[in-house]
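Peer 1: generate coordinates for the sequence data below:
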Amino acid sequence: MRVLFVSDVYFPRVNGVSTSIRTFRQDLASLGVDTCLVAPSYAAPDAPSEEPGVLRVPATKVPRDPEDRRMGWRALTRALDALPGGRFDLVHIHTPFIAHYAGVRLARRADIPAIATYHTFFEEYLHHYMPLVPAPLARFLARSFSRSQCAAVHALIAPSEPMRAVLTGYGVTTPIHVVPTGLAADRFRPGDGRAFRARAGIDAGRALVTYIGRVAHEKNIGFLLRMFREVIRSVPGALLVIAGEGPAREALRQQAGHLGLAEHVHFAGYLERDSALLDCYAAADVFVFASRTETQGLVLLEAMAQGTPVVSTAHLGTRSILVPGSGALVVPEEEDAFAAAVVRVLGDANLRQELGKRGLAYARQWSSAAMARRLAELYGQLRGAPRVLRVARASD
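Peer 2: Predicted coordinates:
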């Protein structure tokens, strides 16, 4: 089977979408599913791709967001039109921007099914990126936009059951299948926490509280800073590590200064995924997370895979991960309660060991190979769907 992936983001842009795409591509290959990915170029024009099966499309920088790139419609459609005819059995769309419309266009022209993964919870994103739009109007726009895009494909993938419930609540009628992104075997390779601390100039015995992910407004990192101010009242030497890049970094740096946390927050920036990132997870005494926008929350599982205790709120997709027995401490989005849980973990070595042990065992249940088998089975069902269903969906 041959599947075309289309996305507005991919590595070196680090986020959950990029991770999901790479993880599924690797495991699908072992199942005999050949994938080709079309994604933006982040390098100089005509630079060779570093990964087989990836077609890079010329793209420009996005204002106020140095991480992202924007493909032009003409460049993207030309790249897709140049692909050999009849090569693919279906199109899998991973982002809701220009890639969505170009992917649907190709699928209709080739008369093959289109499937989309709903990675992005727009309703909360608009609150941060369109602050002048009244909240009720922003919700209406987000839901209308999502319904329109979902109606244009033959099937949808939701990374979690809560995300499927949200889409159903929007009135989406396209069939929705829950297929989370799993953890690849290399995520369990032990990181070198001491090496991370040495490179960053952090004392080997200093208490580390760590966030890893996109440094963006919708990730609720500002709450973590306010919470951490309470932590250092009890653990004065603690350090908050914020690893990742994104448009909120400078605003968060300023917030840390205003809170008197300049000496207690370390911005680690981008970390190479196959080594330095694992070291960062392993260096942490506790991993913290409070995002309200996750359709899944893969970083929670990555932290658990390194045996790192987790303290987190549970909103939307993260509720599907943070279940009883997961080894995480789930707390309300309240600064005092969250800080108390962090202080408790930092002060109890036995608790850290127990949470880490339980989290690691739980993370092993999220095999990426198993998730890829579920996705391959869905591909097979879609490829064999009656032609009348595909035509009806395309005419919506």
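Peer 1: all helices for the stretch 51-200 of the chain, in order.
Peer 2: Assigned by DSSP state H, counting those that start in this stretch, the helices in the stretch 51-200 of the chain fall at 73-81, 98-110, 122-129, 135-151, 161-170, 193-200.
Peer 1: no no, the stretch 251-396 of the chain
Peer 2: 276-283, 298-305, 335-346, 349-363, 368-383, 387-394.
Peer 1: compare those helices and give me the one nearest M71.
Peer 2: helix 387-394 (23.0 Å; CB to CB). Where you see a C-beta, it was placed from the backbone N, CA and C, and this is true even at glycine.
Peer 1: low-confidence bits of the stretch 251-396 of the chain, can you list those?
Peer 2: Residues of the stretch 251-396 of the chain that meet the criterion pLDDT under 70 lie in 386-396.
Peer 1: let's see it at 50
Peer 2: 387-396 (pLDDT under 50).
Peer 1: for the stretch 51-200 of the chain, same thing?
Peer 2: Within the stretch 51-200 of the chain, not a single segment meets pLDDT under 50.
Peer 1: quick revisit: what's the most buried one of the helices of the stretch 51-200 of the chain?
Peer 2: The highest mean neighbour count among the helices of the stretch 51-200 of the chain, using mean count of other CB atoms under 10 Å, belongs to helix 98-110: a mean of 20.
Peer 1: got the angle between that one and helix 135-151?
Peer 2: Calculated by axes from the mean of the first three to the mean of the last three CA atoms, to 10 degrees, helix 98-110 forms an angle of 30 degrees with helix 135-151.
Peer 1: contacts made by helix 98-110 with the rest, please.
Peer 2: By CB atoms under 8 Å, 6 or more residues apart in numbering, the residues outside helix 98-110 that reach it are 4, 6-8, 38-39, 70-71, 73, 76-77, 80-81, 85-86, 88, 90-93, 113-114, 116, 149, 152-153, 394.
Peer 1: in strands, which of those residues fall?
Peer 2: With strands taken from DSSP state E, the overlap with those comprises 4, 6, 38-39, 70-71, 90-93, 114, 116.
Peer 1: show me which of those is closest to T181.
Peer 2: Among those, and counting by CB to CB, the member closest to T181 is H92, at 13.2 Å.
Peer 1: roughly how far does that closest one sit from P162?
Peer 2: Distance of H92 to P162, computed by CB to CB, to the nearest Å: 22 Å.
Peer 1: can you check D34 too?
Peer 2: According to CB to CB, D34 stands 32 Å off from P162.
Peer 1: with P190 instead?
Peer 2: Computed as CB to CB, the P190 to P162 distance reads 31 Å.
Peer 1: can you check P324 too?
Peer 2: From P324 to P162 the distance is 16 Å (CB to CB).
Peer 1: for A256, same thing?
Peer 2: Distance, A256 to P162, by CB to CB: 31 Å.
Peer 1: quick check: domain ranges of the protein?
Peer 2: Listed domain ranges for the chain are 2-182+368-394, 186-363 (source: automatic domain parsing).
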